[in-house]
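>>> give me the fold of what follows.
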Amino acid sequence: MGYIIDISHHQNPSRINYRVLCRQLDMAIVRVQFGSSLIDRHYRTHIREMKENTVPVGVYAWVRGINLRDMEVEAADFYNRSKDLNPEFYVLDVEEKSMNNMRVGINAYINKMRTLTDKKIGIYVGHHLYNSFNLDMEKADFVWIPHYGVNNGTVNSTPRYPCDLHQYTSVGRLDGYNDNLDFNRLMNGRTLEFFIGKSDNLPEKPNNPEQDPTANEIIYTIKKGDTLWDIARLYNTTVEILANYNNISNTDLIYAGNQLRIPISDNIIIYTIKRGDTLYGIAYQYNTTVDKLVRDNNIANRNLIYPGQVIRIVK
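Predicted structure coming up:
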């Protein structure tokens with residue numbers, strides 16, 4: 001497993017051997033701007049070099065908007081300055097109280113971003129600011145929190161608040177750059193695939209219409225990289241059931257483009273989270289409870305669900 005770093009123009013490209021550094025990385029997150037007025041001097045170089053060395057890249061922007069309109073302008077600048085570089089995701093870096101009500105301001109920023117991109121949008125918020133800013137984390141697809149403990153380059157602390165990325169040190173060291181780097185680790189069961197294009201390391205739900213709650217099976221089109229185990233896990237069934245139901249003799253051999261029939265129990269509905277969904281709203285719609293949805297789907301943070309996530313609704 002490699003490292004996840006975040007960098008800005010404080011890491012000068014002239015001092016980086018990208019070829020050596022990138023061999024050690026799983027992902028990089030690059031700053032694009034500090035508010036709207038300060039554009040990171042090296043973000044294009046960082047992103048270009050990372051991509052040339054096959055490192056997935058997300059981008060972040062320090063938020064400084066002083067009113068709702070200013071937040072929307074910053075969001076548009078952030079998107080427009082990075083869209084041609086095709087980042088995997090976007091992050092709002094919330095470390096400054098630029099408005100009295102940061103919750104409302106960040107919501108406006110994210111709402112504007114949602115009109116510009118369908119990629120994941122995350123929030124980075126200082127651990128010491130988490131409570132006072134009272135941000136609406138349901139608006140974001142993921143949360144990133146710094147918490148260093150003893151800041152010595154190793155993991156020796158855990159944030160008190162739920163998060164998907166934990167920035168655990170600012171003094172990490174790697175070959176290819178002779179100075180300090182921020183290191184981050186995945187949390188909350190997240191995988192790299194969640195950040196670089198898929199909602200998890202499971203197959204995506206097929207692009208056929210929403211499941212008819214009265215139907216007793218789903219037709220799934222196999223994609224490159226799928227395994228029966230992954231598909232079985234996604235739909236809460238077993239490899240054996242899938243094999244028997246589809247007359248598959250070799251469970252290690254399936255082909256992209258072929259279709260699988262997946263039996264669905266009468267008392268289970270497979271639901272794909274859409275933008276704007278909340279567990280409360282889903283529970284109300286299907287006459288169940290949030291507690292039951294959390295329990296049936298092993299959801300670690302009931303306040304953090306994301307578009308594309310697949311859950312089971314057990315009647």
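
>>> contacts only, for residue 25.
Taking CB atoms under 8 Å, 6 or more residues apart in numbering as the criterion, residue 25 is in contact with 2-5, 50, 55. (C-beta placed from N, C-alpha, C; glycine too.)

>>> now that we have those, which of them are buried?
The neighbour-count test (16 or more other CB atoms under 10 Å) marks 3-5, 50, 55 as buried among the contacts of residue 25.

>>> so can I have a markdown table of these showing secondary structure?
Below are the buried ones among the contacts of residue 25 laid out as a markdown table (DSSP: H, G, I helix; E, B strand; the rest coil):
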| residue | secondary structure |
| --- | --- |
| 3 | strand |
| 4 | strand |
| 5 | strand |
| 50 | helix |
| 55 | coil |
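
>>> rewinding a little: between the contacts of residue 25, which is nearest residue 251?
Taking CB to CB as the measure, residue 2 is the one of the contacts of residue 25 closest to residue 251, at 31.0 Å.

>>> ok, of the buried ones among the contacts of residue 25, which one's closest to residue 278?
residue 4 (28.7 Å).

>>> what sits opposite that closest one in the beta ladder?
Assessed by DSSP bridges, residue 4 has beta-bridge partners residue 27, residue 184.

>>> for residue 179, see how far away it is.
18 Å (CB to CB, to the nearest Å).

>>> over to residue 59?
Distance of residue 59 to residue 179, given as CB to CB: 22 Å.

>>> the two: which has the busier surroundings?
residue 59 (27 against 12; other CB atoms under 10 Å).

>>> correct me if wrong, but that one is in a helix.
No: under three-state DSSP, residue 59 falls outside any helix and is assigned strand.

>>> average model confidence for stretch 49-60?
Computed over stretch 49-60, the mean pLDDT rounds to 94.

>>> which other residues reach it?
So stretch 49-60 is contacted by 6, 13, 16, 18-19, 22-23, 25-32, 43, 46-47, 78, 82, 85, 87-93, 122, 124, 192, 195-196 (CB under 8 Å, 6+ apart).

>>> inside strands: which ones of the residues you listed?
Counting by DSSP state E, the contacts of stretch 49-60 place 6, 25-32, 89-93, 122, 124 in strands.

>>> of the residues you listed - the most surrounded one?
Neighbour-wise, those (other CB under 10 Å) top out at residue 29, 30 neighbours.

>>> and that one, what is it in contact with?
By CB under 8 Å, 6+ apart, the contact list for residue 29 reads 4-7, 57-60, 91, 184.

>>> show me where the stretch 1-150 of the chain dips below the pLDDT cut-off.
Applying pLDDT under 70 to the stretch 1-150 of the chain picks out residues 1.

>>> now the helix or strand residue 312 falls within, how far from the chain's geometric center?
Assessed by DSSP states H and E, residue 312 sits inside strand 310-314. Here strand 310-314 is found 20 Å from its chain centre; the criterion is CA atoms, centre = their mean, to the nearest Å.

>>> can you name every helix or strand that it contacts?
strand 268-272, helix 290-297 (3 or more CB pairs under 8 Å, 6 or more residues apart in numbering; DSSP states H and E).

>>> state the pLDDT value of residue 242.
86.

>>> kindly report the same for residue 302.
79.

>>> tell me the SS of it?
Assignment for residue 302 (three-state DSSP): coil.

>>> surely it is in contact with residue 295?
No: assessed by CB atoms under 8 Å, residue 302 is found out of contact with residue 295, at 10.3 Å.

>>> who has more neighbours out of these two?
residue 302 (15 against 11).

>>> neighbours of the closest residue in space to the more buried one that isn't next to it in sequence, just the number please.
Nearest residue to residue 302 in three dimensions, chain neighbours excluded: residue 294, at 5.1 Å (CB to CB, 6 or more residues apart in numbering). For residue 294, the neighbour count with other CB under 10 Å is 16.

>>> just to check, residue 294 is in contact with residue 279?
Yes: Residue 294 is in contact with residue 279 according to CB under 8 Å; the separation is 7.1 Å.

>>> shared neighbours, the two?
residue 302.

>>> please, where are all the helices along the stretch 201-315 of the chain?
For the stretch 201-315 of the chain, applying DSSP state H, counting those that start in this stretch gives helices covering 228-234, 239-246, 279-285, 290-297.

>>> what about the last one, average pLDDT?
Right, the one you point to is helix 290-297. So the average pLDDT for helix 290-297 ends up being 84.

>>> buried residues, that helix. List them.
By 16+ other CB under 10 Å, the buried positions in helix 290-297 come out as 290, 293-294, 297.
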